[in-house]
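Engineer: sequence-free structure coming up:
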């Protein structure tokens, strides 16, 4: 091999990488790596001092080995030594190694900080940039403590080079996001803002990212940036592409900077200074004008850059909501995109127009595109575009077009994608209710909705029909007649039977005069559906039957025969049996007057906000709810039959969702106006009194409706109505979410993962257990750009669990910034065996609304397993010893997942037991052994899992020295396969 000069770029590293790539197996790769590690270790420990080049080469090799997934436990000091080199390449490799491998708690951090300080004070721009990049990459709190005061000085210093200013601005942004309490601008504020006037466009681009982040937290301190941002935007917009040649991207001058400036302006209300506001309006008009010009290039990059600025400008126009001319022009521009060949543009246009539909200035302009939107709903290939089209139809609906839009949405429902049918059903129900001048049309629409998409009609929808019919005397007869006719169809959805049973039980007498719908005919029609229905529906029908006895005495004997039949009074379901027995006795012994009193007509329901609207908000989540929901009551939908004032639409504005496709800066939800007394959108299925004004529950209005009480399981509550007076907020912990058990089961065989996630919050979990002790780390991540305040968590052990588990928690930070994450440590001690799980309650305020969520912590008895290895004869000897009936628990169940051998083994090992090989005579079976460690006693456990691949079944047998443990483990493990 010829001699290689040191300037050749680390030939040894290239050879090593080549050797690794040429390895034929994992074992060969590990062998080569171990050989190299031994060589590097000997070089570092050798007596002969290594020169800078050799250190750089070996540190590079260690870095490469680490990136291959191998642990590196030496070489850190050599990397730190490279920081003191005067050669760029050596210093660069040193900083790279430190950024990737050095922990913020390392003992070397002081040496690293000293080296960084030396480079920052060296005035060598290359070295300063390397140091700033390292600080940003590590981004730890220790780094912020050491350099948060130094970096702003570098950023605003007059003699700092432009490249260093860019790095300093982005480095400061990184430190602010990780440790906002340590980055205090103070005296530097005005000088940082004036970076917007810097001659170097790169410095402005970097600085504006920092200023935008700071403005969101402290808008008053940085409000002087508005005039500077408008001035800079004006210069860019009015410039020709040749003026900013170095920053022109496919004939579009500085597109990234333009978007950032427009986004910064969305942090503030319209400028108060008339000159500044006029200049900004002129900029926005110029952007809209340029969108109409023919493209200067056919390249997609040109149109993307141009449209990015346009959509950001439209988002700003919508945010201000004060310039009618601009709003209408923005709407017309978006209307042109509705038929564009590019799918993404059609999607963004529909999404932005949903927001425009909320403005009183542009609502009429949006309505002119109704035919195009209906066509998109019918013909679009992409389901996400069709969904946005449905959202827009919903947003643009008012009394003038409600019947057309509802008819089109009903028509589309028959062929709609299954993923959006439930949402479509809710929207149709809300629109039919909100704009129903004619109640007979409303009843027809909802019954048609049940016929078309009955499986997707939630209980809230048919509850609302009943509420409205009971509260409106003028529609009761029509509703009874219509539902009677609907029940005569051969195939009738169960929800239709529910509505029919309830309405005919209450108002069947209104149509009993017609021989075709005589009392006996009504009863026979309902009873013909009885055997096809589920238990809750049968229970409802039994209640309808006893109501019939009160309404139609002539049906008494027929109905009593049905109630007396063995299928009723001896029904295996306790609820049905009890109803049949009690109703039979009531009809037999009660006098006519008593019967009439007990079974009198339901009184009108008190009014509250619509539970259907609440369910739609819950389904869509914050930031995604259509604006017409958020601002209901602003437009003419505020009252059902009255005109209703629009109100001041500029009081509430919503940023365009299209401006941030990754959802990194979703706005806080905007409260809807309180429903007026005459509004039909009220929830009358509650135990509270009339809702004028209604008290706000602790988790907002999004509560699953289940008469007569409601369960509060919503984390995605919207803030209380802006128009409602202040109400007392209950802060009792919410009951566990319905999916808590499912979330718990996901962690039976694993310790790490995401416990819960929605549009606001992500909860990650990492845990470890030794003997009867455990430690759990919970990570609460704020997925929004709005801070969570009054953030608190509580862990409780319900019932007997408090004497079975000892749980200690460390308090969590009460403030969680947007995009930030906080950690909580929980220590667990198992005192004795247990079956329940601790409850974790999380409360915080988001956009002014209290969010209240309760989950089950994934602490199960198997977490305290100690695996036990044993030979075949020992296993079966112990198996026979555990032969008492109560010590064995067995389940035979259908496989719910593919019967993959490796997956089954992984789950059994994840359970915490030892998987014993070659113990069972049948090699297809799996046997495991372990001991559960509690403070009070040790519980030995043996497990046998017998799969039947042909039948896709399992037989699971557990024998434990304590009967309650075997049953609990059997229940837990059966859910895993």
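Structural biologist: Sure thing, it's come through. This is a predicted model, so every value here is computed, not measured.

Engineer: give the contact list for residue 525.
Structural biologist: By Cβ atoms under 8 Å, 6 or more residues apart in numbering, the contact set of residue 525 is 484, 487, 488. Yep, even glycine has a C-beta here, placed from its N, CA and C like the rest.

Engineer: elements contacting the helix or strand hosting residue 372?
Structural biologist: If you go by DSSP states H and E, residue 372 is part of helix 370-379. Packed against helix 370-379, as judged by 3 or more Cβ pairs under 8 Å, 6 or more residues apart in numbering; DSSP states H and E, are the following elements: helix 343-356, helix 383-396, helix 402-413.

Engineer: would you mark the buried spots in the first one?
Structural biologist: Read that as helix 343-356. Along helix 343-356, these residues count as buried under the neighbour rule (16 or more other Cβ atoms under 10 Å): 345, 346, 347, 348, 349, 350, 351, 352, 353, 354, 355, 356.

Engineer: what is the neighbour count of residue 123?
Structural biologist: Residue 123 sits with 13 neighbouring residues when counted by other Cβ atoms under 10 Å.

Engineer: how near is the closest residue to it other than its chain neighbours to residue 283?
Structural biologist: Nearest non-adjacent residue to residue 123, counting by Cβ to Cβ, 6 or more residues apart in numbering: residue 159, 8.0 Å away. Distance, residue 159 to residue 283, by Cβ to Cβ, to the nearest Å: 33 Å.

Engineer: thinking again about what came up before, dump the helices and strands packed on helix 370-379 to CSV, plus mean pLDDT and distance to residue 968.
Structural biologist: Putting those into CSV (pLDDT from 0 to 100; distance: least, Cβ to Cβ, whole Å) gives the following:
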stretch, mean pLDDT, distance to residue 968
helix 343-356, 90, 49
helix 383-396, 89, 43
helix 402-413, 90, 45
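
Engineer: closest to residue 749 out of those?
Structural biologist: Closest approach to residue 749 among those is made by helix 383-396 (34.4 Å; Cβ to Cβ).

Engineer: tell me the buried residues in the closest one?
Structural biologist: Applying 16+ other Cβ under 10 Å to helix 383-396 flags 385, 386, 387, 388, 389, 390, 391, 392, 393, 394, 395, 396 as buried.

Engineer: how much space between the last one and residue 371?
Structural biologist: For residue 396, the distance to residue 371 under the criterion Cβ to Cβ works out to 12 Å.

Engineer: cool, the fifth one as well?
Structural biologist: Distance check for residue 389 against residue 371: by Cβ to Cβ, it reads 12 Å.

Engineer: out of the buried residues of helix 343-356, which comes closest to residue 792?
Structural biologist: residue 355 (33.6 Å).

Engineer: the closest one is in contact with residue 317, isn't it?
Structural biologist: No: the criterion here is Cβ atoms under 8 Å, and residue 355 misses it with residue 317 at 10.2 Å.

Engineer: how about the closest residue to residue 834 other than its chain neighbours, what does it touch?
Structural biologist: Leaving aside its chain neighbours, residue 834 sits nearest to residue 804 (3.9 Å; criterion: Cβ to Cβ, 6+ apart). Residues in contact with residue 804 (Cβ under 8 Å, 6+ apart) are 797, 830, 831, 832, 833, 834.

Engineer: ok, back up a step: hmm, who's touching the helix holding residue 372?
Structural biologist: Contact with helix 370-379 is made by 335, 338-339, 346, 350, 385-386, 389-390, 392-393, 396, 401, 404-405, 408-409, 412, as judged by Cβ under 8 Å, 6+ apart.
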